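Undergrad: Curious how this folds, go ahead:
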Amino acid sequence: MAGILFIISAPSGSGKSTLVSELRKQVSNVDFSISWTTRPPRGSEENGREYYFASREEFERMRDEGMFLEYAEVFGNYYGTSRQSLEEARRQGHDLLLDIDVQGAAQVRKALPEAVSIFVMPPTPKVLRTRLRNRSRAEGVVNEAELYRRLSEASKEIENYRDYSYILVNDILDRTVAQLEAIVLAERYYRNGEPIAFRSSRVLEVAAACRQANSQERLKPVLEAFGIGTSNGQQQLPFGDDLDDD
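TA: Modelled structure (predicted):
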């Protein structure tokens with residue numbers, strides 16, 4: 001069985017890591033590529049679990065030696081995906097899931113156009129702000145300027161949704177996990193002829209509904225909430241004091 005490469009991107013705080021973790025509990029033979037980064041660990045993060053942490057000098061050496069499938073600089077830190085993770089998954093016939101930002105995703109799509117790309121959106125700016133604030137509190141620090149910067153960056157990232165095959169709106173976790181699972185199973189069915197053991201027609205319907213071409217009505221209120229697609233064509237950042245959740 002040929003492994004499928006899945007790309008998943010989302011603004012920081014959208015719940016992407018939780019979705020990936022839940023998917024891997026539900027679906028077998030999905031490997032996860034642990035990214036390399038030059039940013040320091042947060043909270044309880046451990047080297048080799050959430051990320052491989054490296055100095056800027058070490059990362060640049062690996063980059064120059066061609067060890068990365070993709071890399072990008074985000075918020076002043078490098079992030080990259082090792083080629084070795086893809087090669088290992090292919091040897092085992094496993095699917096590989098890449099958790100990467102929109103810059104890295106564009107690089108991978110260019111090099112490997114057969115990759116399946118999935119974009120995860122938060123339902124509203126207020127929900128995203130709450131998630132970011134809660135994560136910051138869990139890490140022991142709340143920086144309002146950093147929160148605003150990430151919220152502003154989220155709108156810019158969401159504008160890239162058209163480049164992705166599938167779109168998920170992460171409003172209800174269980175439903176979004178089921179949608180992500182359906183996408184993986186449907187792609188296995190279409191590409192490899194792998195049977196779907198349970199309610200196959202329903203799985204294919206759920207996956208099809210998440211395709212970007214079939215998501216426009218569902219996405220409209222989300223895009224409007226983030227000030228994307230406004231009538232004058234200008235992005236309007238909807239992050240005012242009314243979104244405070246304290």
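
Undergrad: What helix or strand is residue 98 located in?
TA: strand 95-99 (DSSP states H and E).

Undergrad: Identify all contacting residues around that strand.
TA: Applying CB atoms under 8 Å, 6 or more residues apart in numbering, the contact partners of strand 95-99 are 3-9, 16-17, 20, 23-24, 29-33, 35, 81, 85-86, 89-90, 104-105, 108, 184, 188. Yep, even glycine has a C-beta here, placed from its N, CA and C like the rest.

Undergrad: got the residue ranges for the helices in this structure?
TA: All helices of the chain, identified by DSSP state H, fall at 16-26, 56-64, 83-92, 102-111, 125-138, 144-158, 173-192, 200-209, 216-225.

Undergrad: want to try a markdown table for those, with mean neighbour count, mean pLDDT and distance to residue 40 as columns?
TA: Below are the helices of the chain laid out as a markdown table (neighbours: other CB atoms under 10 Å; pLDDT from 0 to 100; distance: least, CB to CB, whole Å):
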| stretch | mean neighbour count | mean pLDDT | distance to residue 40 |
| --- | --- | --- | --- |
| helix 16-26 | 16 | 92 | 17 |
| helix 56-64 | 14 | 97 | 11 |
| helix 83-92 | 15 | 92 | 22 |
| helix 102-111 | 18 | 92 | 20 |
| helix 125-138 | 18 | 85 | 15 |
| helix 144-158 | 17 | 84 | 14 |
| helix 173-192 | 18 | 94 | 28 |
| helix 200-209 | 15 | 92 | 38 |
| helix 216-225 | 14 | 93 | 32 |
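
Undergrad: residues of stretch 26-34 that come out buried?
TA: Using 16 or more other CB atoms under 10 Å as the test for burial, stretch 26-34 gives 30-34.
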